[in-house]
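1. sequence-free structure coming up:
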C-alpha cells in the first residue's frame, strides 16, 4: 500500500500527522510519502522536500519562490506517475495541490483534498477546478460542507481533529507549570504567525503592543511560541530592537501549551485562532499582507470576516484587525477590552464551547 500526501505548512503538518496515525491503524505497513514536516515525519512519513518549500502565501511571495515551487511540482508529478499511490491526499495548499491532483486524476489515481479552499469567500470559479481535480473534498467546518452540497460536489464534513485533541476545559495553571512559568499573574500569548513573512510584518507591532500594555498593566507577563528555529531567531532580533526589557518567555514550538497557559491571546489570523477558540481563550486577531497582495485581495474577497471564530459564528465574536488597522493603539485597545470586561470573556467562552462541541 502506497499513500501519497502533500501538506503545505505547519497547520497541514499537524493535520497530516493525525491522518497518518489513523491510516496506520488500518494499514500499518503502508508506505506514506510526499511533503510534510516534523509532525508527519514522526509518524513514519517520508518527505521528499522540506515543509517550508510550500509555506508561501500571497501573490508577491509566490512569485519570489516560483521556480523552486515549480520544480517541486514537476518532481512529484513525475514520481507519483511512476510510483503510483493507491490514493493521493492533498492537505490545504490548494494552488499547488489541486493542479497536482488534476494531473494525477487524469492518470486514474484517486484524489482527495483535505481542507477546503475558501471558495465560499473568494475565487468561486475554483469550484470547477475542484470538480475536475479531486474525487472527494474533506472539510473541517460544517458550513463548508453545506456549500459543496449546494453545488453538488462530493464532500464529507470530518470535523477538526483539534476539537478531539483539546479537552472542553483546560487548566491554565497546569499549562504554566508544564512550561516552568509562574502560576500567578496575567499572561498574554503573542503569536505573530508561522510563516517568515507573517512574523516579519507582525512581530514588531505585536512586541510594541505588548510594551504599550505593560506600561498600563505593569504586572502583565508574556509568552511567545515560534514555529521553528528561523522564526525564533527572527523574533529574538525583533525583541532586541523593539522591546528589549519586555517580560517575555520565548519558546520554540509549543504553541498550544503556550496558549493554554495564557489568559488571552494576540495572534495572526490562521490555525492559531482555532486553537485559541478551542482552548477558550479570548483573542485579538490581526493580519498584514504585502501591499500588492492586499490590493488584489480587497477586490476578490467577498466575506465580512477573516478570523475563524467569526466565520463559524457569522458574527464578530472577537476583534479582527487588517492591514492599516494593525496599529499598536488599536491592538492594545482591543486587548484592554478583554482585560477590563471579564463578563464578556465568560460570554465568549460559552460561545467557544458551543463551536468546540460542533466540530467534534
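-> Yes, it's here. Small disclaimer: the values here were computed from a predicted structure and weren't measured.
2. tell me the domain boundaries of the protein?
-> The record's domain parsing of the chain by automatic domain parsing lists 2-159, 172-358.
3. Turn the ones you listed into CSV, columns for distance to residue 166.
-> Where you see a C-beta, it was placed from the backbone N, CA and C, and this is true even at glycine. As requested, the domains of the chain are exported to CSV (distance: least, CB to CB, whole Å):
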stretch, distance to residue 166
domain 2-159, 12
domain 172-358, 4
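4. Name the helix or strand of this protein that has the lowest mean pLDDT.
-> The helix or strand of the chain with the poorest confidence is helix 59-64; it has a mean of 60 (mean pLDDT, DSSP states H and E).
5. which residues touch the helix or strand residue 73 falls within?
-> Per DSSP states H and E, residue 73 falls inside helix 66-82. For helix 66-82, contacts defined as CB atoms under 8 Å, 6 or more residues apart in numbering pick out 4, 6, 34-35, 48-49, 53-54, 56, 62, 88, 96, 99-100, 103-104, 107, 109.
6. ok, back up a step: would you single out the least confident of the domains of the chain?
-> The minimum mean pLDDT among those belongs to domain 2-159 (a mean of 90).
7. where does the nearest residue to residue 258 once chain neighbours are set aside sit relative to residue 207, distance-wise?
-> Once flanking residues are discounted, residue 258 sits nearest to residue 225: 4.2 Å by CB to CB, 6 or more residues apart in numbering. As judged by CB to CB, to the nearest Å, residue 225 and residue 207 stand 14 Å apart.
8. next one: residue 158
-> In terms of CB to CB, residue 158 sits 37 Å off from residue 207.
9. out of these two, which sits in the busier spot?
-> residue 207 (25 against 15; other CB atoms under 10 Å).
10. thinking the more buried one is in contact with residue 236, fair?
-> No. If you go by CB atoms under 8 Å, residue 207 and residue 236 don't touch, sitting 10.9 Å apart.
11. picking up where we left off before, backbone phi and psi for the residue nearest to residue 258, please?
-> phi -90, psi 130 (degrees, to the nearest 10).
12. sorry, back to before: going through the contacts of helix 66-82, which ones are buried?
-> 4, 6, 34-35, 49, 53-54, 56, 88, 96, 100, 103-104, 109 (16 or more other CB atoms under 10 Å).
13. Just the closest of those to residue 318, please.
-> Looking at the buried ones among the contacts of helix 66-82 and their distance to residue 318, the nearest is residue 56, at 26.9 Å (CB to CB).
14. So for the chain, the centremost residue is which one?
-> Geometric centre of the chain, nearest residue: residue 271, 2.6 Å, by CA atoms, centre = their mean.
15. correct me, but that one touches residue 12?
-> No. Contact criterion CB under 8 Å: residue 271 and residue 12 do not qualify, at 9.1 Å.
16. which stretches of the stretch 201-350 of the chain form helices?
-> Along the stretch 201-350 of the chain, the segments classed as helices by DSSP state H, counting those that start in this stretch run 229-242, 255-261, 271-278, 291-300, 308-313, 328-340, 342-358.
17. so which of these comes closest to residue 16?
-> Taking the helices of the stretch 201-350 of the chain one by one with CB to CB, helix 271-278 is closest: 12.8 Å.
18. picking that back up, pull up the gap between the residue nearest to the centre of the chain and residue 30, please.
-> Distance from residue 271 to residue 30, by CB to CB: 26 Å.
19. Make sure residue 34 is indeed in a helix.
-> No. Going by DSSP: H, G, I helix; E, B strand; the rest coil, the assignment for residue 34 is strand, not a helix.
20. Out of the helices of the stretch 201-350 of the chain, flag the one nearest residue 115.
-> helix 271-278 (10.0 Å).
21. Packing partners of the closest one?
-> Under the contact definition 3 or more CB pairs under 8 Å, 6 or more residues apart in numbering; DSSP states H and E, helix 271-278 sits against helix 10-26, helix 161-165, helix 255-261, strand 264-268, strand 283-287, helix 308-313, helix 342-358.
22. Could you export those as JSON lines, including distance to residue 329?
-> Listed next are the helices and strands packed on helix 271-278 as JSON lines, based on distance: least, CB to CB, whole Å:
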{"stretch": "helix 10-26", "distance to residue 329": "30"}
{"stretch": "helix 161-165", "distance to residue 329": "32"}
{"stretch": "helix 255-261", "distance to residue 329": "24"}
{"stretch": "strand 264-268", "distance to residue 329": "14"}
{"stretch": "strand 283-287", "distance to residue 329": "13"}
{"stretch": "helix 308-313", "distance to residue 329": "22"}
{"stretch": "helix 342-358", "distance to residue 329": "20"}
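23. For those, give me CSV that also has mean neighbour count and distance to residue 115.
-> Listed next are the helices and strands packed on helix 271-278 as CSV, based on neighbours: other CB atoms under 10 Å; distance: least, CB to CB, whole Å:
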stretch, mean neighbour count, distance to residue 115
helix 10-26, 20, 7
helix 161-165, 16, 11
helix 255-261, 25, 18
strand 264-268, 25, 18
strand 283-287, 26, 18
helix 308-313, 21, 12
helix 342-358, 14, 17
